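Asks: could you look at this predicted model? Sequence included:
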Amino acid sequence: MEVCRGVLGLEGNNIDPGLEGNNIDPSLDANNMDCDDGVQLVFNFVMGFGRSGVCLWWPFGVDGDEQKGVHGDEMVLVEEHRIDDGPVLASRQWNLELSKFLISLGYKQYKNNYSLFIKAIGDSFTAALVYVDDVLLTGNSVSTIEATKVALDSKFTIKDLGLAKYFLGIEICRTDNGTHLNQRKYILDLLHDSGLTATKPAKFPLPQYLKLSVDKGAPLADPESYRRLVGRLLYLTMTRPDISYTVQHLSQSVSSPKEPHWNAALHLLKYLKGSVNKGLFYPVQQHLKVTGFSDADWASFLVTHRSLTSYCIFLGHALVSRKIKKQTTVSRSSTESEYRSMAATTCELLWLTYLLQDFHIPVQFPVTLFCDNKAAQQIAANPCYHDHTKHLDIDCHFTRDKV
């Protein structure tokens, strides 16, 4: 893998050079990717990339007829010098320039994931995964990757980082058996900032039988500290699916956190203290079959009585996708909540099959979806359960059409 990490510097603007994100999965296909190098891009993104134009506007609050009556036939001339006068517009313009440049090198931008660029010629395969100014390159052709590095160096400035070992806070360790991802340093920094480096570890993410409520307990004197902590824990769930359920519950109270929520967050940090080295492992395997597991926690929220959708999807023996999210509507039964969770899992399975096809990975059909609710399975397979399903939304029957 080749890591490209960049600094986005705009002339005349104050841009934070540490633009890093959290929605990237550096675990590409480990079976055929033999090239592991790292480079760093230092971008000198000046104003010349922007476009200029001239716009004619009436003054605010005055239409055309009133303007003629007050100022005659004159119009106010406004010159729009650049579209990148700010961090947001600048990053968009940068992404456009980088996308155009990669496409000019023969890469194809895929619609299933617009941050993915793939160049496939014969048996040669190279993939570039982009997040703002961070790029991850992997492939089975050393010459193609080196050519990409040379082309990027001619356009920008490149610093070679060697093997991909640390990317966006994720530690990458590759062996002959596969790839291991963890966020050990991230957890240690989190414990240090919270003052819990010497705390006694906990065995579970949450205390047993704990039920958090948004209206019970004393309000926190400093809610911002709780919000910052939950935000950092959300990023940690990338490689720690074992804390996803706990973090999801903690994130429901960021608007008005109470003392019990803070104590639960500290208990989660104590659990992380005893499991610093845990992470995800992506083994080298020949048979890649997509398998989905769906589940729901019915009426788990005490105030709204909404259910929780959860699923995890495996590619062979590797976990490649998972999600825990509160459902948007109240389910009248556990069967309904499970059925809604199956519909969400089906959508994710379809998207993953499209993404795997973009990676030129053959998908074995049919894809297996596991659910522990027999009533939900029967509803998905039997379209005659009108009395049981007439109150369900149409989108929930999406699973039935895909069976």
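Replies: Looks like it came in fine.
Asks: buried ones in stretch 219-235?
Replies: For stretch 219-235, the neighbour count (16 or more other Cβ atoms under 10 Å) marks Leu220, Pro223, Tyr226, Arg227, Leu229, Val230, Arg232, Leu233, Leu234, Tyr235 as buried. Every C-beta, even on glycine, is put in place using the N, C-alpha and C of the backbone.
Asks: quick one: what helix or strand has Leu319 in it?
Replies: Take DSSP states H and E as the rule and Leu319 turns out to sit in strand 318-326.
Asks: for that strand, the distance to its chain's centre please.
Replies: 11 Å (Cα atoms, centre = their mean, to the nearest Å).
Asks: same question for stretch 260-279.
Replies: 22 Å.
Asks: so, low pLDDT: which residues of the chain?
Replies: Within the chain, the stretches with pLDDT under 70 are 1-90, 159-160, 162, 383-391, 393-397, 400, 403.
Asks: what about the helices in it?
Replies: 64-71, 87-104, 142-155, 184-194, 223-236, 244-250, 259-273, 334-358, 374-381, 386-389, 398-402 (DSSP state H).
Asks: mind putting the buried residues of stretch 219-235 into TSV with distance to Thr291?
Replies: As requested, the buried residues of stretch 219-235 are arranged in TSV below (distance: Cβ to Cβ, whole Å):
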residue	distance to Thr291
Leu220	42
Pro223	41
Tyr226	37
Arg227	36
Leu229	34
Val230	31
Arg232	31
Leu233	28
Leu234	26
Tyr235	27
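Asks: list just the nearest of those residues to Ser194.
Replies: Set against Ser194, the nearest of the buried residues of stretch 219-235 by Cβ to Cβ is Leu229 (7.1 Å).
Asks: excluding chain neighbours, what is closest to that closest one?
Replies: Setting aside the residues directly before and after it, Leu229 is nearest to Ala265 in space (Cβ to Cβ, 6 or more residues apart in numbering), at 5.6 Å.
Asks: contacting residues for the one you found?
Replies: The neighbourhood of Ala265, defined by Cβ atoms under 8 Å, 6 or more residues apart in numbering, consists of Tyr226, Leu229, Val230, Leu233, Leu250.
Asks: ok, it to Val247 distance?
Replies: Note on Ala265: its distance to Val247, by Cβ to Cβ, to the nearest Å, is 9 Å.
Asks: overlap in contacts, the two.
Replies: The contact lists of Ala265 and Val247 share Val230, Leu233, where a contact means Cβ under 8 Å, 6+ apart.
Asks: burial count for Asn382?
Replies: Residues within reach of Asn382, counting by other Cβ atoms under 10 Å, total 12.
Asks: returning to what we had before: which elements pack onto the strand holding Leu319?
Replies: Packing partners of strand 318-326 (3 or more Cβ pairs under 8 Å, 6 or more residues apart in numbering; DSSP states H and E): helix 244-250, strand 279-283, strand 308-315, helix 334-358.
Asks: out of the ones you listed, flag the one nearest Lys149.
Replies: Short answer: helix 334-358, nearest of these by Cβ to Cβ, at 22.8 Å.
Asks: so which bits of the closest one are buried?
Replies: Counting neighbours by 16+ other Cβ under 10 Å, helix 334-358 gives 334-346, 348-349, 352-353, 355-356, 358 as buried.
Asks: what sits against Tyr311?
Replies: Gly292, Phe293, Ser294, Asp295, Ser321, Arg322, Lys323, Ser341, Ala344, Thr345, Glu348.
Asks: Phe281 now?
Replies: Gly178, Thr179, His180, Leu181, Ala318.
Asks: please redo it, this time with the cut-off set to 6 Å
Replies: With contact taken as Cβ atoms under 6 Å, 6 or more residues apart in numbering, Phe281 is in contact with Gly178, His180.
Asks: roughly how far apart are it and Ile324?
Replies: Applying Cβ to Cβ, the value for Phe281 to Ile324 is 21 Å.
Asks: domain parsing for the protein?
Replies: Domain ranges of the chain: 2-46+86-168, 49-80, 184-273, 285-402, per automatic domain parsing.
Asks: nearest to Arg174, of the ones you listed?
Replies: With Cβ to Cβ as the criterion, Arg174 lies closest to domain 2-46+86-168 of the domains of the chain, at 6.7 Å.
Asks: about what we covered before: out of the buried residues of stretch 219-235, which comes closest to Asp242?
Replies: Set against Asp242, the nearest of those by Cβ to Cβ is Leu233 (12.2 Å).
Asks: does the closest one touch Gln248 like I think?
Replies: No: applying Cβ atoms under 6 Å, one finds Leu233 not in contact with Gln248, separated by 10.1 Å.
Asks: in JSON lines: the contacts of Tyr311, plus distance to Ala375.
Replies: Output for the contacts of Tyr311, formatted as JSON lines (distance: Cβ to Cβ, whole Å):
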{"residue": "Gly292", "distance to Ala375": "19"}
{"residue": "Phe293", "distance to Ala375": "17"}
{"residue": "Ser294", "distance to Ala375": "14"}
{"residue": "Asp295", "distance to Ala375": "14"}
{"residue": "Ser321", "distance to Ala375": "26"}
{"residue": "Arg322", "distance to Ala375": "24"}
{"residue": "Lys323", "distance to Ala375": "23"}
{"residue": "Ser341", "distance to Ala375": "13"}
{"residue": "Ala344", "distance to Ala375": "18"}
{"residue": "Thr345", "distance to Ala375": "16"}
{"residue": "Glu348", "distance to Ala375": "22"}
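Asks: now, which of the residues you listed sits nearest Thr368?
Replies: Nearest to Thr368, judged by Cβ to Cβ, of these is Gly292 at 7.1 Å.
Asks: quick check: beta-bridge partners of the closest one?
Replies: Beta-bridge pairing for Gly292 (DSSP bridges): Ile313, Leu369.
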